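Peer 1: Build me a model from this:
(one chain, ligands or ions: 2)
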Amino acid sequence: MMLESLGMEKHYKSHVEGTSTVLRLMKYRVGPAGPASADSVQLGLLAHTDKSALTILCQNEVQGLELLTKQGTWLQVQLPEASFIVFVGDALKAWSNGRLHAATHRVMLKGDKDRYSCGLFLVPKEEVTIEVPQKLIDKEHPLLYRPFKFSDYFSYFVSNCTEDALEIYAGV
Ligand SMILES: O=C(O)CCC(=O)C(=O)O
Ligand SMILES: [Fe+2]
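Peer 2: Numbering: from 1, shown residues only. Ligands and ions are numbered 1, 2, ... in the order given. Presented below is the predicted three-dimensional model:
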């Protein structure tokens, strides 16, 4: 309903046609000596936002995903078995003029079991330009991101690896 009133249906085709899907399986291995102690915690994956448009993630029974709240504290996510978690990535955050939040997340490992996760990353194709639709810009929501080619942004991120890459690269 909301999407219709914003005229979003006309963007459906370009989003679908302009997106590639990447499936990635990940294994987080506890070191051969096992955890230093029963409650020691080890970094599995550095804090980041996904660069994709959307990510759909699932995992085995080993928890470890953490989300950075807007207050700056880390929240441990307990994913029920056979569930999925969806992340908005930088590309969709920019396209939505910041209305959708790309949550910073990381993986912390505890215990002695390997953790497996599987992510489906919906990534804008190389040539796609991310541009905020006029309908998402108004007085209360001034333009936050200039139009940019996704592949250029991705290259910028790879060479600079900074946390606030999107704001620095495309913020107005
Ligand atoms: O393994 C996980 O649960 C998270 C993986 C992740 O955040 C990523 O690959 O971008
Ligand atoms: Fe991620």
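
Peer 1: list the contacts for residue 87?
Peer 2: Residues near residue 87 by C-beta atoms under 8 Å, 6 or more residues apart in numbering: 49, 50, 54, 55, 57, 102, 103, 105. Glycine gets a C-beta too; all of them are placed from N, C-alpha and C.

Peer 1: hang on, residue 83 packs against residue 60?
Peer 2: No - taking contacts as C-beta atoms under 8 Å, residue 83 lies outside contact range of residue 60: 11.9 Å.

Peer 1: Dump stretch 156-172 to CSV, keeping only the CA atoms.
Peer 2: The C-alpha trace of stretch 156-172 is given here as CSV (Å, rounded to 0.1, in the frame of the first residue of the first chain):
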residue,chain,number,x,y,z
TYR,A,156,36.1,3.0,-3.3
PHE,A,157,35.1,0.9,-0.3
VAL,A,158,37.6,-1.9,-1.2
SER,A,159,40.5,0.7,-1.4
ASN,A,160,39.5,2.6,1.7
CYS,A,161,37.7,0.1,3.9
THR,A,162,36.3,2.9,6.1
GLU,A,163,33.3,2.3,8.3
ASP,A,164,31.4,5.3,7.0
ALA,A,165,32.3,4.8,3.3
LEU,A,166,28.8,5.6,2.1
GLU,A,167,28.6,8.9,3.8
ILE,A,168,32.1,9.9,2.7
TYR,A,169,31.7,8.7,-0.9
ALA,A,170,28.1,9.7,-1.7
GLY,A,171,26.8,11.9,1.1
VAL,A,172,25.8,15.4,0.0
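
Peer 1: Name the residues that touch that stretch?
Peer 2: In contact with stretch 156-172 (C-beta under 8 Å, 6+ apart) are residues 47-49, 51, 90, 93-94, 102, 104, 130, 143-146, 148, 153.

Peer 1: From those residues, pick the one nearest ligand 1.
Peer 2: Nearest to ligand 1 among those: residue 48, at 6.5 Å, using C-beta to the nearest ligand atom.

Peer 1: is it true that the closest one touches residue 107?
Peer 2: No - Residue 48 is beyond contact range of residue 107, at 10.1 Å (criterion: C-beta under 8 Å).

Peer 1: quick one: which of those two has more around it?
Peer 2: More crowded of residue 48 and residue 107, by other C-beta atoms under 10 Å: residue 107, with 20 against 16.

Peer 1: tell me the secondary structure for that one?
Peer 2: Assigned by DSSP: H, G, I helix; E, B strand; the rest coil, the conformation of residue 107 is strand.

Peer 1: Please shift the residue numbers so they start at 213 in all later answers.
Peer 2: Got it, first residue is 213 now, which makes that one residue 319.
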